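Participant: Sequence plus predicted model, see below.
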Amino acid sequence: MKKIHGHDVLNMMLGSGKSYTRETLVREIITTFGADARFHTCSAEDLTAEGLVEFLQARGKFVDAAGGFQTSPSLICQH
């Protein structure tokens, strides 16, 4: 099982230039990192793609964008 940091997902979002809905982001995470990947952040462990999206949304890591949401470099901690 792959363990991926949430920063990698936020950077993937930035790099794509796309806007996402919860559903499209979960699909892209699974496509990019694999269905068996588990995610961690500075304060959470063993999250599924769905759990990570919920966690990031609750932490205010998404900003409104045309057709959904995106993230911003200012919302990604740099450690």
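Facilitator: Right, received. Where do you want to start? Numbers count the residues shown, from 1 in each chain.
Participant: which residues touch stretch 53-73?
Facilitator: 6, 9-10, 13-14, 18-22, 24-26, 29, 41, 44, 47, 75-76 (C-beta atoms under 8 Å, 6 or more residues apart in numbering). For the C-beta atoms, the positions are set from N, CA and C on the backbone; glycine is no exception.
Participant: Go again with 7 Å.
Facilitator: 6, 10, 13-14, 19-22, 25-26, 41, 44, 47, 75 (C-beta atoms under 7 Å, 6 or more residues apart in numbering).
Participant: Kindly report the same for stretch 12-26.
Facilitator: Against stretch 12-26 from outside (C-beta under 7 Å, 6+ apart): 32, 49-50, 53, 65-71, 73.
Participant: Pull out the buried positions in it.
Facilitator: Residues 12-13, 19-20, 25-26 are the ones in stretch 12-26 that count as buried (16 or more other C-beta atoms under 10 Å).
Participant: what's the residue nearest in space to the middle of the chain in contact with, if anything?
Facilitator: By C-alpha atoms, centre = their mean, the mean C-alpha position of the chain lies nearest to V9, the distance being 4.1 Å. The contact partners of V9, by C-beta under 7 Å, 6+ apart, come to 29, 39, 52.
Participant: where along the chain do the helices fall?
Facilitator: For the chain, the helices defined by DSSP state H occupy 6-16, 22-33, 49-58.
Participant: would you list those in JSON lines and tack on mean pLDDT?
Facilitator: Output for the helices of the chain, formatted as JSON lines (pLDDT from 0 to 100):
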{"stretch": "helix 6-16", "mean pLDDT": "95"}
{"stretch": "helix 22-33", "mean pLDDT": "97"}
{"stretch": "helix 49-58", "mean pLDDT": "97"}
